[in-house]
Every structure is written in C-alpha cells, then in structure tokens.
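Chemist: below: sequence and its predicted model.
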Amino acid sequence: MALKKLAETGSFFGNGIRDVQATTFSVDGVARFACNTWEELEDARGTRGFDIVIVGSGMYGAYLAAKLHEFGQALGSAAPRIAVLESGPFLISEHIQNLTRTGDLGSLVFEPLVGPTSQRQIEEPAHYLNAGNLVDHAKCVGGKSLFWGGWTPRLLEDNLRRADSPWPEEVVDYLFQTGVPPEEIDDGYPFVEWEIGASESTDFIQGDLYNTLLTRAKAVASEVTLGNGNGTHLMTPLPPPVAVQGTGPQSGLFGFDKYSSLILLLDAIRRDHQGDDRNRRLFLVPNAHVTSVTMDQGIATGVRVALVDRIASGVPFDRNAPKTIRSIENFEINPGGMVVLAGHAIESTRIALNSFRRPIGVGPELMGRNLMAHVRGNHVWQVKREALSMPTGAPLGNAALHVPGRSRTVTQQGRQGEFHFQFYASANVPPNSGSGPLDAEEYLYRLLPNFDEIQDILQAQNDELIAIGIRTCGEMFGEREKTIPSAELFSWMDTPVPGVSDELFMDGFGNIIERVPRAFVRIVETPSDRAVREDQTTAAFQLIAEMFDVPISETGSRFKTLEEFLASGNKVRYYTDSNVEQDGIGTTYHECGTLWMGTDPYGSVTDVHGRFHHVSNAYACDQSLFPSAGSANPVPTGLALARKIARGITSRFTSSPTVSVTESGFDDLFDGTFSNWRSADAANFLTIPETGQPTILNAGVENQNPLLGVLYFSSEEFDDFELRLQWRTFSPYANGGIFLRAPEPVGNLFLLGGFYDQALEVQIDERGFDVVSDANGSPRHKTGALYGRLPATRSCSRAISPRDGRPGYWNDFVIQVQGQDITVRCNNEIVCEGEIGNALRRGFIGLQCHTEVVQYRSIRIKRI
C-alpha cells in the first residue's frame with residue numbers, strides 16, 4: 001500500500017471527526033495536544049493579545065517559556081500571555097536516548113546552520129575531523145535538547161571573577177548563588193544541576209570501575225604539569241556532571257532519565273489548558289519561521305513569520321532549497337510587550353542583525369563579534385585490567401569522570417585557557433565482536449529494554465581489557481573590540497547585503513515571495529585557541545601515563561592486532577586513528593558569544609537581564625549571551641541564564657508597593673495639590689485622586705506629538721539630596737523625566753545657557769531617542785540615564801501599564817545626588833552612576849511633560 005499524503009483542506013475538522021490528524025501509520029495525538037495552528041493562535045488573541053513572543057522552542061526557548069508560565073502563576077490576571085514560535089515541526093516529546101532504537105530521526109529535522117558553503121569560512125588544519133564544516137542543527141520543537149550529549153560542568157568561578165573578566169559580577173554571583181544560604185537556593189547552577197539531574201551523578205554512574213578510576217585520577221592529577229614543571233595544570237578530578245536522573249526525586253516518582261527542556265514546556269502547556277483558548281496563557285506553534293522582528297521607532301512591535309507548509313514541503317533532500325510556505329504574517333504583541341530570541345547563537349544573531357542594527361548615531365555595530373566555540377579532540381586507549389589491579393572475569397559497569405584543567409600557555413589574551421576532559425571507561429564490547437572494547441561510550445547513554453540483550457553484553461565483556469576514552473574540550477577566545485567584517489585572524493558573523501545567498505520562501509506555485517539574508521559565519525582557530533588544543537592533548541596523554549604507571553611513549557603506542565598487544569609487555573595501546581583525533585571547530589554545537597551581556601552599553605550588546613542595550617523590549621536567551629566561553633559545555637550556563645531572564649521578565653509584570661507612610665527623614669514634595677508647584681510652557685499637568693492610594697500627578701496627553709512643559713517644586717532649591725518617587729507609563733513611546741538642580745524655568749527654555757542646557761534630567765524613555773543624532777537606542781537617552789551625560793547600563797523598568805482599567809505597573813526611582821556624584825536606582829537596581837560634570841551646584845526639582853503620558857506619585861526628598 002502506498003503511503004497517503006495529507007492534503008490541505010482549507011477548513012477545520014468537523015462532522016463529528018475529532019481535530020486530530022491520522023497518517024498511514026499514526027494518530028498525531030501528542031503533537032495535537034501540545035501545539036496550536038497559526039489560526040488558533042490568532043483566534044485566541046481576543047482582547048488581551050500577547051505580551052511575549054519567544055522565537056524558538058529549543059533547549060533555552062522551551063525552558064524560558066515553561067518558567068515564565070510557572071513564575072507567572074503567582075501574578076493572577078497580570079500574568080503575561082506567551083506565544084512560542086518554532087520554525088520546525090514536532091518530532092518527539094523527550095530526549096531521543098530515552099527511546100528505544102528509533103532509526104535516524106535526527107536526519108528528518110537537521111538543517112544547515114548557515115546555508116550554502118559560500119556563507120561560511122572556517123580556518124583550521126585540513127586533517128581535523130569534518131574540517132571546514134558547520135554541523136547541521138536540529139530545527140524542530142525541542143531543538144537540540146532532544147539530541148544533546150548531556151555533559152554539564154560549570155564554568156570555573158575563579159576564571160569568571162578575574163579582574164579582566166567580561167562577565168558582570170552580579171551575573172557571576174547569580175550563577176554561583178554567592179551569599180545565598182543553601183536552604184534558600186532556588187536559582188543559578190545549584191538549582192539547575194538539581195533540576196536536570198547532574199547534582200547526583202552517582203545515581204547514574206557507580207561501581208568498582210568508577211571508584212577505582214576516580215581514586216587513581218585524584219592521586220595522580222597533580223603530576224600532570226605539561227612537561228614544563230611550572231605547577232599543576234590538572235585540577236581535582238570530579239564525578240561526571242551528567243544530565244541524567246536515574247532515580248526519582250522521591251519515593252514513588254519516576255526518574256527523568258536524559259534531560260530535555262521540552263518536557264517542561266509540554267507539561268506547562270497541558271497544565272495551562274483551560275478549554276477555551278482565550279483563557280490560556282501559553283501557546284506553541286510549530287512550522288512558524290520568524291524571519292525578523294518588526295520595529296517602530298526603536299521599539300519591537302512583533303515578529304514577521306513565514307508559515308511553512310509542512311504538508312507541501314515534506315522532508316526535502318536539499319535542506320538549502322526554498323521553503324514552501326502558506327503565507328507571510330505579521331504577529332503583533334501588546335504595546336510594550338517583549339520579543340525573546342531563543343534559538344541558538346547564530347540564528348538569534350542573524351534575526352537581530354536583520355531587524356535592528358545599532359544606529360550609527362549610537363555607536364559601532366557590536367552584534368556578531370565575539371564568536372566562539374570550543375576546540376575538541378577524541379582519544380581512545382585500550383588498557384589491560386592488570387594496570388588497574390582489577391580482577392579478570394568480574395563484570396564491570398561503565399565509568400565516567402570530569403577532569404578540569406588549564407593550559408600552560410599564556411595566550412594572546414594574557415592568561416591561560418581552560419580545558420576539561422570527559423573521561424569514559426568501559427569493558428563492554430558488542431556481542432560476537434573479537435576486537436575487544438574500543439568505544440568507552442557505546443553503552444553509556446542507551447535505553448536497553450531487552451534484558452536478554454543486557455545479559456549478552458555482560459557475557460561478552462572482555463576479561464582482560466578496558467576501553468578508556470578522553471574527549472578533550474578547550475576554550476576558544478572571542479574578539480569584542482575589532483570591527484567586522486574583517487579578514488584578520490579572529491571569528492565573527494554578519495549578514496550580507498540582501499540578495500547574496502538569501503534564504504528563499506516560495507508559495508505553492510513556486511513564486512519567491514520572501515527573501516531573508518542568511519548569516520555569514522567566519523570561525524578561525526587562532527594561535528591562542530591552538531595552544532589550548534595542543535596543551536589539552538598533551539595533558540590527556542600524560543594523565544593516562546600517570547594513571548597506569550607507564551612511560552609517556554607507551555601512551556602513543558599502536559599495535560596492528562589485538563593479539564599482538566595482548567602478547568606484549570605493554571599495559572596501554574592507543575587506538576584512535578590520526579584523522580579523527582581532533583574535531584573541527586564547527587562541529588561542537590557550542591557556538592556562543594555574539595550577543596554578549598555586560599554592564600557597559602557601549603562595550604556589550606545585552607545587559608545583565610539579556611535585554612538589548614539599544615532595544616529595551618527585545619531579549620536574547622541562548623548561548624549568544626556568553627561574554628566568554630570557558631571550556632564548559634554551554635547548557636547549564638545557558639539554562640541558568642534563561643532562569644534569570646524568566647525571573648526578570650516576570651518581575652516586569654509586578655508593581656512597586658504603594659508608599660503608605662513617608663519614610664523617616666523624608667519630606668513629601670507633592671501633597672496631592674499644585675500649591676507648591678509652578679509650570680512653564682505646556683501646562684499639561686493634572687491631579688488624579690485615587691481612593692486609598694496616593695494622588696497621581698499626570699504629565700502629558702494620550703498622543704505621540706511632543707509638547708514640552710515643566711512642572712517644578714518652587715518653594716525650595718536643593719543641592720545634595722535623595723529623591724524618591726514612583727512613576728508609570730501607558731505607551732512605549734512615552735517620554736518624560738525628572739529635573740534636578742535645575743534653574744528656574746523662565747523665558748526661552750531652549751536657549752544656550754537656558755533651562756534645558758543647565759538642568760540635570762533623569763530620563764524616562766524606553767526608546768532612548770537622541771534628538772541630536774536622530775537615533776533611537778541611545779544609552780544616554782533611555783530610561784534611568786542622566787540625559788545626555790551618563791548612560792543607563794541596563795533596562796529594568798516595569799511593563800507598560802494597560803489602559804483598559806486593569807491595575808498598572810508602578811516603578812520606583814531612587815535618585816541620590818551628592819557633590820559631583822549621582823546614583824540612579826530603578827526598581828532596586830543601579831541603572832546609572834558616575835560624575836555629573838559641569839552643572840549647577842544647587843537648583844529646583846521638576847518634572848517634564850514631553851510625549852504621551854507619564855504619571856508620578858509619592859514624591860519625597862531627604863536633604864543630605
């Protein structure tokens with residue numbers, strides 16, 4: 001019987017047929033109960049719309065969406081509505097290694113990372129395995145979380161805390177939960193490791209072989225000095241940080257097996273199901289390929305989506321061929337909503353570059369710099385059991401260790417690079433094989449449901465030999481300072497001008513209806529990177545020599561046959577072919593760094609919350625955020641940052657508590673009347689009483705036409721003080737500010753030496769519009785900045801308040817001015833601080849009316 005091909009009917013199911021599709025072989029139940037069509041998503045918009053769009057449902061997008069839903073449950077009706085848009089189809093619901101033998105499912109959804117070979121330039125020795133290539137990535141619901149390896153070490157804390165480290169200190173504190181009592185930890189590495197199953201590695205790896213190897217490795221690691229006698233270069237070996245939970249979290253519960261963040265997303269979707277889609281908060285739409293973020297005046301307003309016609313496309317042989325789509329759609333988010341790029345570093349950076357390059361008036365483009373991956377190698381030895389003093393004949397389980405280290409070479413970056421070993425051991429051989437154990441990982445990550453097969457494997461174990469495998473993984477170094485494109489020896493990515501190797505989308509008749517610039521990726525193994533590769537390789541051979549007490553020359557010895565090795569006096573033979581020893585730098589799936597986070601808005605792309613410095617309502621949430629790569633596999637760091645971002649976004653939908661009693665030492669400046677206030681120019685200020693709440697001071701009118709005015713406290717001038725107030729906005733285009741040490745606003749306020757020239761202003765403007773350069777996204781002109789003087793180093797304002805009568809979101813400003821120093825805190829975070837420069841030493845406090853509405857309340861001051 002020929003396979004049936006599904007056909008698009010253009011209508012929904014009906015006539016008593018359930019809305020679940022059936023193919024020749026299956027009923028599409030799991031995907032149907034987890035996913036929605038595009039039409040269902042639009043129909044669910046209702047009057048509430050959507051607050052957050054997450055682009056990608058892979059390792060980080062799925063985790064972020066699940067945690068946003070979970071954390072949002074405490075917010076009640078204020079909880080944000082989330083749409084997860086995935087460019088690929090639904091494939092499976094958990095990690096592929098949790099399933100039995102399935103065939104090559106990955107081949108159905110893996111696609112090129114950057115397109116044709118013309119879009120990549122990889123500089124590395126030709127003898128590396130897959131040299132010159134970038135491996136395909138999984139484009140499906142769950143992404144790489146369905147296929148990843150599972151090795152999950154932390155980045156080294158002392159490396160992140162170096163004086164020259166690009167990692168923000170508060171992010172490092174978050175990752176390691178610095179200062180948090182152990183019983184209160186629910187974030188960072190400790191929580192994520194518990195969540196993914198890596199904190200209790202011995203429930204998965206245990207036994208005599210493991211214990212023997214760990215003990216011996218710990219005893220000799222300090223002897224590995226890379227031949228120069230300059231001290232220890234291997235650190236203490238550790239249990240394997242493997243993201244597998246072999247036992248349940250408590251009695252009666254199943255273990256999670258190999259971790260995939262997709263199970264969190266699927267569970268959250270089903271928990272969110274409330275019958276009527278218009279009441280739901282979380283949606284997942286596959287085959288919705290986001291091509292760009294739609295922008296207006298520096299604000300993300302939604303995404304542009306190509307709806308892939310999976311029925312027409314099927315599983316194409318040429319994954320670079322134009323995709324057949326049903327239509328191009330623009331999906332709008334609520335005013336002030338958020339767009340999160342959570343695919344992978346290359347794709348997120350491509351979308352960002354195609355959507356919102358940094359304006360020339362703000363500064364040079366940084367996105368695409370700092371591209372990093374890892375240098376990796378693979379080595380296998382056969383070791384006689386006698387070298388471990390282990391009895392022959394006793395069945396042995398698999399073993400694994402984690403061995404961190406540092407390169408002996410001081411690199412061009414002025415420091416030693418990191419590396420680590422994924423150390424594996426096994427006595428298992430495939431039944432009926434006469435070669436002895438050759439693959440230390442063959443039976444490590446497998447579901448074997450057939451107990452007879454397990455017995456056959458145990459009986460086939462080699463009585464005399466053990467296979468030892470070391471996968472070396474070392475740090476690459478990013479370049480954040482130099483402009484791109486560049487022919488210099490460093491890695492970067494960019495998007496070329498439209499028309500050069502564009503990604504193409506066509507309708508059902510073969511007409512091209514959308515062209516999207518692909519990424520161009522240049523990855524270079526620099527001398528510093530190669531030094532780390534060479535040192536980690538040397539250290540791996542030295543560790544084998546020390547662990548099994550053999551000369552270093554023996555660790556590289558080869559024998560033509562197994563019989564020849566067994567008959568020799570050698571304890572060790574090296575088995576890896578020279579052409580597969582070193583992996584190409586484009587094969588690790590560890591690309592990172594291109595949208596790195598930092599506290600300098602002119603020296604980094606995103607802030608400590610993952611928000612773009614120049615687009616305050618757009619986020620990145622994947623490996624692109626890493627300022628440096630270290631050697632650690634990226635997933636635990638990426639998940640910890642995703643959890644941090646989820647907490648930050650959730651907090652945006654909360655409101656600062658009402659100030660019911662003025663704090664000791666503070667005086668109220670606004671008593672609900674204008675008795676001590678005067679206005680100048682446009683007098684668009686009014687009071688709004690609220691029952692049981694402080695009176696609101698309303699500045700501005702509901703439209704985007706600028707109409708400048710000043711309201712100032714006229715009874716007193718202030719020099720050194722701490723000013724506290726609350727504010728909120730109703731439009732992402734709202735513009736206002738707080739004047740400090742201002743002259744009295746008389747005459748023409750715009751003259752040189754006049755009011756606006758001399759007054760200090762703490763800005764409120766999510767766009768960060770710089771009128772001089774006519775550019776949005778200026779750090780010196782965005783919310784929290786000292787206008788035109790000192791930049792805001794992060795975005796931490798609340799969400800835009802709704803105009804439908806629901807409670808809004810109040811922000812707290814705490815502004816301290818003392819001498820030449822100013823500190824601005826927004827919602828308990830320092831946003832701006834530094835020296836004021838040339839300005840009046842004393843003056844009035846005032847509020848600005850500019851564009852749209854900004855409301856204030858609880859304005860109070862303490863003289864210092």
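Modeler: Perfect, thanks for sending it. Residues are numbered from 1 along each chain as shown.

Chemist: tell me the domain boundaries of the chain?
Modeler: When the chain is parsed into structural domains using automatic domain parsing, the resulting residue ranges are 29-93+112-122+138-147+261-370+483-519+589-652, 206-239+373-477+526-583, 667-863.

Chemist: ranking the ones you listed by mean pLDDT, which is last?
Modeler: Comparing mean pLDDT across those, the lowest value falls on domain 206-239+373-477+526-583: a mean of 84.

Chemist: residues touching R304, list them.
Modeler: Applying C-beta atoms under 8 Å, 6 or more residues apart in numbering, one finds that R304 lies in contact with 290-294, 328-331. (Each C-beta comes from the backbone N, C-alpha and C, glycine too.)

Chemist: any idea how far it is from E347?
Modeler: Distance of R304 to E347, given as C-beta to C-beta, to the nearest Å: 15 Å.

Chemist: also D257?
Modeler: For D257, the distance to E347 (C-beta to C-beta) stands at 28 Å.

Chemist: the more surrounded of the two?
Modeler: For the pair D257 and E347, the greater number of neighbours falls to E347 (24 against 20), based on other C-beta atoms under 10 Å.

Chemist: thinking again about what came up before, for the contacts of R304, could you give me a markdown table that also reports distance to E852 and secondary structure?
Modeler: Listed next are the contacts of R304 as a markdown table, based on distance: C-beta to C-beta, whole Å; DSSP: H, G, I helix; E, B strand; the rest coil:
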| residue | distance to E852 | secondary structure |
| --- | --- | --- |
| V290 | 29 | strand |
| T291 | 30 | strand |
| S292 | 26 | strand |
| V293 | 22 | strand |
| T294 | 20 | strand |
| I328 | 31 | strand |
| E329 | 28 | strand |
| N330 | 23 | strand |
| F331 | 24 | strand |
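
Chemist: just the buried ones from the residues you listed, in ChimeraX syntax?
Modeler: To isolate the buried subset of those in ChimeraX, counting by 16 or more other C-beta atoms under 10 Å, use the following:
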select :290,291,292,293,294,329,331
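
Chemist: closest to V661 among the contacts of R304?
Modeler: Distance ranking of these against V661, using C-beta to C-beta, places V293 first at 43.8 Å.

Chemist: nearest residue to that closest one other than its sequence neighbours?
Modeler: With sequence-adjacent residues excluded and distances taken as C-beta to C-beta, 6 or more residues apart in numbering, V293 is closest to S355, at 3.9 Å.

Chemist: give me phi/psi at the one you found?
Modeler: Comment: the main-chain dihedrals of S355 come out as phi -110, psi -40, following degrees, to the nearest 10.

Chemist: next: the one 10 residues further on.
Modeler: Main-chain torsions, E365, degrees, to the nearest 10: phi -70, psi 130.

Chemist: that one: neighbouring residues, count only.
Modeler: A count of nearby residues for E365, using other C-beta under 10 Å, gives 16.

Chemist: then V661?
Modeler: Per other C-beta under 10 Å, the neighbour tally for V661 reads 5.

Chemist: likewise for P239?
Modeler: 18.

Chemist: is it true that it touches L401?
Modeler: Yes - A contact is recorded between P239 and L401 when judged using C-beta atoms under 8 Å, the distance being 7.3 Å.

Chemist: give me the common contacts of these two.
Modeler: Joint contacts of P239 and L401 (C-beta under 8 Å, 6+ apart) are L214.

Chemist: sorry, back to before: contacts only, for the residue nearest to V293.
Modeler: If you count contacts by C-beta under 8 Å, 6+ apart, S355 has them with 292-295, 300.

Chemist: now S578
Modeler: Taking C-beta under 8 Å, 6+ apart, one finds H127 in contact with S578.

Chemist: ok, the spatially closest residue to Y574 that is not a sequence neighbour - how many residues close by?
Modeler: Computed as C-beta to C-beta, 6+ apart, the closest residue to Y574 that is not its neighbour in sequence is G556, at 5.1 Å. The criterion is other C-beta under 10 Å. On that basis, G556 has 15 neighbouring residues.

Chemist: separation between G556 and V315?
Modeler: Between G556 and V315 the distance, using C-beta to C-beta, works out to 44 Å.

Chemist: can you check L566 too?
Modeler: Computed as C-beta to C-beta, the L566 to V315 distance reads 47 Å.

Chemist: of these two, who's got more company?
Modeler: Ranked by neighbour count (other C-beta under 10 Å), L566 and V315 place L566 first, with 15 against 10.

Chemist: next structured bit after the helix or strand where the more buried one lies?
Modeler: Counting by DSSP states H and E, the secondary-structure element that holds L566 is helix 562-567. Per DSSP H and E, helix 562-567 leads on to strand 572-574 as the next helix or strand towards the C-terminus.

Chemist: roughly how far is the following helix or strand past that following strand from the heart of the chain?
Modeler: Toward the C-terminus, strand 572-574 is succeeded by strand 582-583 as the next helix or strand (DSSP H and E). Averaging C-alpha positions (C-alpha atoms, centre = their mean, to the nearest Å) puts strand 582-583 26 Å from its chain's average.
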